[in-house]
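Trainee: pasting a predicted model and its sequence here:
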Amino acid sequence: MKLYQLHAKQVLPISRNEAWQFLSNPKNLKTITPPHMGFHILSGGDEPMYAGQIIQYIVKPFPFMSTKWVTEITHVVQDEYFVDEQRFGPYSLWHHKHFIHETSQGVEMEDLIDYKLPLGALGRLFHSFIVKKQLQKIFSHREQKLSRLFGSINNPQSSLEFRTI
């Protein structure tokens, strides 16, 4: 069994509360998702975030594939972090922690995602050639979009790393 981990950081010149207001609103996920992915919330995204919230949406991870994705918000500590976990979707496991840390320059947003692909060896092959590149594109788009929305900081701490656990 191979588990993968994605670790992303981005610094933005905004307050912790401003970051929280944006990131904890499920409707804003569409704003930071690449348009070609056809992201659309079906249900559960019209309330402020809370533990136990179920959000259902449609996403097109690839041009030839559309899938329903269901996540549950499992943990919420206002202005600090929240966790979403896939309940139904393309991954065997998706556990995504979103942290907001105050810095002297504003906030550092940190994402830590543990995930596993289905299909055994074939899933590992897909990760190497397709999934990893797709996740890199998604997080690159997100970083650029957030920088346009809130301003950017030339900070070497912004990063995107993948590991196999």
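Mentor: Sure, I can see it.

Trainee: got the contact list for the longest strand belonging to the chain?
Mentor: What stands out as the longest strand in the chain, according to DSSP state E, is strand 65-77. With contact meaning Cβ atoms under 8 Å, 6 or more residues apart in numbering, strand 65-77 is reached by 24, 38, 42, 49-61, 81-90, 94. C-beta: built from backbone N, CA, C; applies to glycine.

Trainee: which of the residues you listed fall in strands?
Mentor: Applying DSSP E to these, the entries found in strands are 42, 54-61, 81-88, 94.

Trainee: report the buried members of the residues you listed.
Mentor: I55, Q56, Y57, V59, P61, Y81, F82, V83, D84, E85, Q86, W94 (16 or more other Cβ atoms under 10 Å).

Trainee: now this structure, which segments are flagged as low pLDDT?
Mentor: Within the chain, the stretches with pLDDT under 70 are 153-157.

Trainee: list the buried ones in stretch 65-73?
Mentor: Buried residues in stretch 65-73 (16+ other Cβ under 10 Å): W69, V70, T71, E72, I73.

Trainee: number of nearby residues for the nearest residue to E108 once chain neighbours are set aside?
Mentor: Distance criterion Cβ to Cβ, 6 or more residues apart in numbering; nearest residue to E108, sequence neighbours excluded, is H101 at 4.5 Å. Counted by other Cβ atoms under 10 Å, the residues lying close to H101 total 14.

Trainee: go ahead and confirm H101 touches D79.
Mentor: No: look at H101 against D79 with Cβ atoms under 8 Å: they stay out of range, at 10.6 Å.

Trainee: A strand includes the residue nearest to E108, no?
Mentor: Yes: under DSSP: H, G, I helix; E, B strand; the rest coil, H101 sits within a strand.
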